[in-house]
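**Q** Quick one, fold the following:
(3 chains)
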Amino acid sequence: MKGKGKLKKNMKNSQFSKIMKVPPGSGGGKKWTTLEHNGVIFPPPYKPHGVKMLYNGKPIDLTPEQEEVATMFAVMKDTDYAAKPTFIDNFFTDWRKVLGKNHIIKNFELCDFTPIYEWHLREKERKKQMTTEEKKTLREDKLKQEEKYMWAVVDGVKEKVGNFRVEPPGLFRGRGEHPKMGKLKRRILPSDITINIGKGAPVPECPIPGESWKEVKHDNTVTWLAFWNDPINPKDFKYVFLAASSSLKGQSDKEKYEKSRKLKGHIQRIRENYTKDFKNKDVTRRQIAVATYLIDKLALRAGNEKDDDEADTVGCCTLKVDNVTCMPPNQIQFDFLGKDSIRYFNTVEVEELVYKAIEGFRAGKKPGQDLFDKIDTSRLNAHLKDLMPGLTAKVFRTYNASITLDGILHEETEDGTVLEKIAVYQRANKEVAIICNHQRSVSKSHESQMTRMNEKIDELKSQMEELKADLNKAKKGKPLGYDSEGKPKRNLAPEAIQKKVATLEGKIEKMEMDKRIKEDLKTVALGTSKINYLDPRITVAWCKRHEVPIEKIFNKSLLAKFVWAMDVDPEFRF
DNA sequence: ATCGCGACTTAGCATCCTTTAA
DNA sequence: TTAAAGGATGCTAAGTCGCGAT
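**A** I've put the predicted structure just below:
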C-alpha cells in the first residue's frame, strides 16, 4: 500500500545527513568518457505452426498473432501456473483482446489447447533427437549472429555486454501470488528502445528494416547501454548493462565491499547506540533502534513499501504485527514472505528490552497493521547515514555475510587435504546462505535420489556383515564357505580381510556423509551469497594461504567477475 | 517531508552443458 | 554407451536506494 495511509509519520529529521553525492574517485558521477556498442538484438518474428486448438470440441482458425498467445499458454500446461485462477484470468483477458470483440472464443472452459501442447512436445522431442553435430552447428550459427552485440568498448577497453537480447514476448511469470501473473508481455519493438552511447560513436543500426529507435542519448553519468519500458509495469524499466566481468561493475562491486568493511570500525558504537534506544521514551527512536537491531542481528532486508499490484511481501520496515509472535520469556518467531515470496521462518532469542519493545509495538494493533508504524526505509536509512557515511540497511547484509565467512575460515581451517579444506569452505558458505535466507526449491528427483542412496548404504552394510563373518571364520582358521552364487570363496588371511573391512567402512562413511550433506543442502542455495555477498578477497586470500586452487571455489564466471580481487594479500582480513 | 522516477543490485528458476555413475 | 546428476549460464523478476520535483 504505497502512498496511502503512510502520510503522517513524523520524525525529527537528521540535522546533518551529510552524504557524499558520488563515491570518491568516480569523477563527479561520470561513469565513462567514450562508449561504443552495437545496440540490442531482437527475438525472431513469430513462426506460426498452424496446429489448431479446439473450442467446444471444434478446430479453430487463428491468426498468427492469436495463435502465438494461445501457444504461450498451451506450452505451460505442466507448470503449476497453468492451474492458477489468477494466471488463467489474466491470460484469458489479454488473449481476448488479441482475438477481438466478436470472436467465437468467449469461454475459457471450452478451450482445449491439447493439440498445440502435443505439437510442442513433438518439437521438444525433435530437438532432443538432433545429433550433437547438428546442435553444434546451430549453436555456432547463433553465436555468429550475436557476436557483434556481445561486446562494447568503454574508454577504449573491450567489455562484455550483459543482456543484449531483448526479452521475447510471453506470459508474465511473477513470483508468489502475483496479481499480474499470466498477463501478456507484448513484443518489444525498436520504437520502444532508448539507446545510450558515446557522442562520437556510430549509432547502432536498427536491426529491423524500416523501423527506428525511440531515442538516442549520450548520457555518461549512467552505465546502461539501452532501456525500454517494462510492458507489464510501464513505469518500470528494463536496462541493458555491461556484464559482471566489466571493470565498471567490478569497481562498484569493490566499493560495495569496501563500504561494508568500513562498518566493522563503527559496528560497536552503532550497537551501543541502538541498545541505549531500546528503552527510549520516543516510540520512533525505539522503533528505529529495534529495526536496526533486527537488520544487524538477522540480516533482514530494509523492506520498502510495495504497491497493491505486486506480490504481498515484506522486509524489516514493512513487517506486519502478525509476522512476529512473542514467545515468553524472550523469543520472537518471525514468519513472513520476503523477496521473491521466499518464506522467512525463524525463532530467535532477543534481548529482554527488544522483546518488551516488540510487545509494545504490537499492542492494540490488528493483524495486517505495520509493526513499525512510525518508520520506513528512508527514515531508517537517513538515521543510519548519521552513524556512518554511506551506511544503509543493505550494507549490514554484506557485512554480516562477509564477516561470517572470514571468521569461520580463520577458525575452522585445519591442515589436511584440499578436499577437507573445500568442505570447510562449503560449511561456511552454507552458514552464510542460511543467515541470508537464500533458498532453492527441492529438486523433483530429490526423494528418489535419497531412496537410492539409502538402498546403496544398506547394500554396503550387508556386505560388511558378511565380511565380518568371514573375518571371524578366518581368524579361527575355518574355511569361508560359499558366496551367494554357491561358489566357494577364496580363503584370505585375516589381515587381508581386515583391510577390506577398513576400505568398506570408509566407503560407507563417505556415503552417509554425502547423504547428510545432500539432505542438509536440499533447500539451501549457496550461489547467491557467493555472487553477491561474500567479499571475494576473503576467498582468494584463504586459497592462497591454504594452497587451495582458486578454481576449486570460483567457476569461470566468478573468476571473471572477481578479477579485481585476485591480487589480494594472503593475510587480508575482511 | 513526501513522492515517484530512475538506476542499479540481488534473486530463484529454467535450460543448456559437462561430468559421473551405471 | 547411456542416463542421470550436477554445475554453469541465461533469464528476468524483485528488491534497494538516491535524487529531484513539489
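
**Q** Okay, strands next: where are they in the stretch 151-300 of chain A?
**A** In the stretch 151-300 of chain A, the strands defined using DSSP state E, counting those that start in this stretch lie at A:151-154, A:157-160, A:170-171, A:184-185, A:194-196, A:215-217, A:226-229, A:237-240.

**Q** Out of those, the one nearest A:Met53 is which?
**A** strand A:170-171 (15.7 Å; CB to CB). To be clear about C-beta, it is placed using only N, CA and C from the backbone, and glycine gets the same treatment.

**Q** shaky segments in the stretch 251-400 of chain A?
**A** Nowhere does the stretch 251-400 of chain A drop to pLDDT under 70.

**Q** close to DNA strand B, is the top helix by length along chain A?
**A** Longest among the helix segments of chain A by residue count, using DSSP state H, is helix A:446-475. Yes. Shown here: helix A:446-475 in contact with DNA strand B (CB under 7 Å from any atom of the strand) through A:Lys456.

**Q** Now that helix: buried residues?
**A** Neighbour counts over helix A:446-475 (16 or more other CB atoms under 10 Å) mark A:453, A:457, A:464, A:467, A:470-471, A:473-474 as buried.

**Q** what is the rounded mean pLDDT of stretch A:401-413?
**A** If you average the pLDDT over stretch A:401-413, you get 97.

**Q** hmm, that stretch touching DNA strand C?
**A** No. Counting by CB under 7 Å from any atom of the strand, DNA strand C has no neighbours in stretch A:401-413; the shortest distance is 13.9 Å.

**Q** Next, the buried residues of that stretch.
**A** A:401-406, A:408-409, A:413.

**Q** ok, so of the residues you listed, who is nearest A:Phe87?
**A** Using CB to CB, the buried residues of stretch A:401-413 come closest to A:Phe87 at A:Ala401, 34.8 Å.

**Q** same for the helix or strand containing that closest one, what does it pack against?
**A** Secondary structure assigned from DSSP states H and E places A:Ala401 in helix A:393-412. Helices and strands touching helix A:393-412, as assessed by 3 or more CB pairs under 8 Å, 6 or more residues apart in numbering; DSSP states H and E, comprise helix A:247-263, helix A:283-298, helix A:377-387, helix A:418-435, helix A:536-546.

**Q** List the contacts of the closest residue in space to A:Gly156 that isn't next to it in sequence.
**A** Excluding the flanking residues, the one nearest A:Gly156 by CB to CB, 6 or more residues apart in numbering is A:Thr34, at 6.7 Å. By CB atoms under 8 Å, 6 or more residues apart in numbering, A:Thr34 lies in contact with A:153-156, A:198, A:200-201.

**Q** burial of the residue in the stretch 51-200 of chain A that DNA strand B sits nearest to, as a residue count?
**A** The minimum distance from the stretch 51-200 of chain A to DNA strand B, using CB to the nearest atom of the strand, falls at A:Arg139 (5.3 Å). Counted with other CB atoms under 10 Å, residues neighbouring A:Arg139 total 10.

**Q** quick one: the helix or strand harbouring it near DNA strand C?
**A** A:Arg139 belongs to helix A:132-146 when assigned by DSSP H and E. No. Using CB under 7 Å from any atom of the strand, helix A:132-146 stays clear of DNA strand C, coming no nearer than 9.3 Å.

**Q** List the contacts of that helix.
**A** A:41, A:130, A:164-165.

**Q** Switch these over to CSV; also include distance to A:Phe92, neighbour count and pLDDT.
**A** Converted to CSV, the contacts of helix A:132-146 look like this (distance: CB to CB, whole Å; neighbours: other CB atoms under 10 Å; pLDDT from 0 to 100):
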residue, distance to A:Phe92, neighbour count, pLDDT
A:Ile41, 32, 15, 96
A:Met130, 35, 12, 75
A:Phe164, 33, 22, 97
A:Arg165, 29, 13, 97
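
**Q** out of those, who's near DNA strand C?
**A** Within the contacts of helix A:132-146, those near DNA strand C by CB under 7 Å from any atom of the strand are A:Arg165.

**Q** Among the contacts of helix A:132-146, name the ones in helices.
**A** Per DSSP H, the contacts of helix A:132-146 never map to helices.

**Q** The contacts of helix A:132-146: which two are farthest apart?
**A** Across those (CB to CB), the longest gap, 25.9 Å, separates A:Met130 and A:Phe164.

**Q** check contacts around A:Val354.
**A** A:278, A:290, A:293, A:332.

**Q** do you know how far A:Ser443 is from DNA strand B?
**A** Look at A:Ser443 and DNA strand B: by CB to the nearest atom of the strand, to the nearest Å, they are 9 Å apart.

**Q** hang on, that residue is in a helix, isn't it?
**A** No. Using DSSP: H, G, I helix; E, B strand; the rest coil, the assignment for A:Ser443 is coil, not a helix.

**Q** burial count for it?
**A** 10.

**Q** What does the pLDDT read for it?
**A** 86.

**Q** go on, A:Gln129?
**A** For A:Gln129, the predicted pLDDT is 77.

**Q** try the one 5 residues further on
**A** A:Glu134 is assigned a predicted lDDT (pLDDT) of 75.
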